[in-house]
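Novice: Okay, here's the prediction I keep looking at, along with the sequence it came from:
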Amino acid sequence: MHEFVKKNFPDLRALMNKLQSLHNSKATELSMTNIANSSSYADLFDLCLHPKKPYDNYKLIVNQYSSRVDEALSALGNDFPEYLSDAAPARLDKLPGVLISVAEYQYQKSFVIDPLITLLAAVFRIQQILNS
């Protein structure tokens with residue numbers, strides 16, 4: 001509990017959102033695994049870490065995030081580093097490349113006709129970075 005509060009202090013709003021996500025996921029204990037998996041973007045983050053077939057990735061992103069492109073790109077920049085440190089600490093050395101890529105795709109999103117393409121490209125690029 002101490003580590004959970006320490007990581008989220010002083011952003012009490014984020015702390016409350018994570019507690020609510022834990023409650024909604026019916027978690028019975030406060031563990032780093034439960035915290036990482038309670039994010040509403042946990043499936044997107046997991047997809048970045050463990051890529052499947054590209055077309056399956058495409059379908060999942062289109063079905064679940066086509067109306068939340070801005071939020072998903074924001075989560076990749078804000079929440080994904082914490083998820084990565086909990087779920088795959090051995091890959092933390094690749095975090096700078098991931099964040100640089102996310103920033104580039106967030107910028108490029110303003111210049112494309114369909115912003116979903118930007119999210120797809122960002123996820124595929126993160127997969128390449130993390131699994132190279």
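Specialist: Perfect, I can see it now.
Novice: Would you map the strands across this protein?
Specialist: Assigned strands in the chain: none (criterion: DSSP state E).
Novice: worst-scoring helix or strand of it, pLDDT-wise?
Specialist: The weakest-scoring helix or strand in the chain, judged by mean pLDDT, DSSP states H and E, is helix 32-37 (a mean of 55).
Novice: Point out where this structure drops to low pLDDT.
Specialist: Low-confidence segments of the chain, defined by pLDDT under 70: 1-12, 14-15, 17, 21-25, 27, 30-39.
Novice: Can I get the helix ranked longest in it as CSV, trimmed to CA atoms?
Specialist: What stands out as the longest helix in the chain, according to DSSP state H, is helix 115-130. Extracted in CSV, the C-alpha atoms of helix 115-130 (Å, rounded to 0.1, in the frame of the first residue of the first chain):
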residue,chain,number,x,y,z
PRO,A,115,-6.0,9.5,-36.6
LEU,A,116,-6.6,5.8,-36.0
ILE,A,117,-3.8,5.1,-38.5
THR,A,118,-1.4,7.0,-36.2
LEU,A,119,-2.4,4.9,-33.2
LEU,A,120,-1.9,1.7,-35.3
ALA,A,121,1.5,2.9,-36.5
ALA,A,122,2.5,3.9,-32.9
VAL,A,123,1.6,0.5,-31.5
PHE,A,124,3.4,-1.4,-34.3
ARG,A,125,6.4,0.8,-33.8
ILE,A,126,6.4,0.2,-30.0
GLN,A,127,6.2,-3.5,-30.7
GLN,A,128,9.3,-3.3,-32.9
ILE,A,129,11.2,-1.3,-30.3
LEU,A,130,10.3,-3.6,-27.4
